[in-house]
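Chemist: fold the following, please.
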Amino acid sequence: KTRLPDEALTLAEILQSAGYATAAFAGGGQMDRIFGLDQGFDIYDQPGQEHFLGTVRRGVEWLDQTPQRPFFLFLHSYEVHHPYTPTSEHLARVESDYQGDLPGEISIDFLRQVNRKEVEIDEADLAHIISTYDAEIRSMDDGFSFLVAALQERGLYDETLRVFNTDHGEEFGEHGVVGWHSHTLFDELLSVPLIVRFPNAARAGAVVEQQTRGIDIAPTVLTAVGLPVPEVFEGIDLSQLTNGSIGEERIAI
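Modeler: You can find the predicted model right below:
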């Protein structure tokens with residue numbers, strides 16, 4: 001892994017320079033500050049790989065302690081990621097009839113054994129593994145709901161730009177591997193959520209069918225808040241795609 005150079009310009013640095021309070025609560029790992037990802041953040045906390053609800057609570061607590069001014073709050077979680085360690089409550093919400101021998105938590109070592117063919121699983125076992133993943137999604141939904149409610153309670157819901165994104169999906173047997181990623185470029189790994197809620201519900205309901213990229217997020221945010229996009233940023237403002245101003249050629253890589 002390579003550290004982000006100090007001279008690299010980040011979204012957080014731009015917003016911080018524009019007077020925004022900036023804070024990040026990340027799960028460590030590849031988001032560890034050792035890689036220079038704390039550039040531009042007033043606070044870069046690493047609570048570890050906890051449930052997303054706990055991370056959101058930390059972010060809301062920071063927000064309550066921050067003098068009122070524009071803010072940039074980055075919340076990161078590995079909850080929907082192997083190992084799959086949902087609570088029994090969340091697992092029960094998505095699964096009710098599994099009779100196999102696998103536990104309610106699926107470790108990385110077990111997934112490695114499955115993928116090396118050292119352990120055999122049947123269709124019911126695979127469905128159970130998928131359910132542990134789905135249960136973590138359900139748990140993350142609780143954290144996101146808490147965030148929405150907190151913004152509403154503080155009168156910030158309508159005016160706050162929110163971006164929900166992930167970096168990859170998981171493969172569950174579609175191409176021979178279970179509970180894994182980073183090894184192929186099939187849609188189950190590349191087709192991931194990117195949801196943008198603009199202030200005051202601008203462009204509400206718009207769906208972009210074209211391919212988008214992670215590097216498009218920063219230009220989209222800066223344009224939405226009225227700040228110039230640096231030339232070194234290679235992405236585009238995705239809001240342009242909601243009115244057809246960019247042709248299909250922009251999806252070329």
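Chemist: assign L15 to helix, strand or coil.
Modeler: Look at L15: counting by DSSP: H, G, I helix; E, B strand; the rest coil, its state is helix.
Chemist: chain neighbours aside, what residue packs nearest to it?
Modeler: Counting by C-beta to C-beta, 6 or more residues apart in numbering, the nearest residue to L15 once its immediate chain neighbours are dropped is F72, at 4.5 Å. In this view, the C-beta of every residue, glycine as well, is placed from N, C-alpha and C.
Chemist: so which helix or strand takes in that neighbour?
Modeler: Secondary structure assignment for F72, by DSSP states H and E: strand 71-75.
Chemist: same for the next helix-or-strand element following that strand, what does it pack against?
Modeler: Along the chain past strand 71-75, the next helix or strand (assigned with DSSP H and E) turns out to be helix 88-94. Secondary structure elements in contact with helix 88-94, counted by 3 or more C-beta pairs under 8 Å, 6 or more residues apart in numbering; DSSP states H and E, are helix 123-153.
Chemist: tell me the angle the helix it packs on makes with strand 71-75.
Modeler: Our comparison of helix 123-153 with strand 71-75, counting by axes from the mean of the first three to the mean of the last three C-alpha atoms, to 10 degrees, yields an angle of 160 degrees.
Chemist: who are the packing partners of helix 123-153?
Modeler: helix 52-65, helix 88-94, strand 171-172, strand 178-180.
Chemist: burial of E171, as a residue count?
Modeler: The burial metric for E171, expressed as a neighbour count using other C-beta atoms under 10 Å, is 20.
Chemist: which residues does it form beta bridges with?
Modeler: For E171, the residues forming beta bridges with it (DSSP bridges) are W180.
Chemist: contact partners for the residue nearest to L15?
Modeler: 11-12, 15-16, 20-23 (C-beta atoms under 8 Å, 6 or more residues apart in numbering).
Chemist: over to D167?
Modeler: The neighbours of D167, taking C-beta under 8 Å, 6+ apart as the test, are 192, 214.
Chemist: pull the number of nearby residues for A12.
Modeler: Other residues lying near A12 total 22 when counted by other C-beta under 10 Å.
Chemist: any stretches of the stretch 101-250 of the chain with poor pLDDT?
Modeler: Segments of the stretch 101-250 of the chain classed as low confidence (criterion: pLDDT under 70) are 243-250.
Chemist: now tabulate the helices and strands packed on helix 123-153 in a markdown table and tack on distance to V148.
Modeler: Conversion of these to a markdown table gives the following (distance: least, C-beta to C-beta, whole Å):
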| stretch | distance to V148 |
| --- | --- |
| helix 52-65 | 10 |
| helix 88-94 | 19 |
| strand 171-172 | 29 |
| strand 178-180 | 29 |
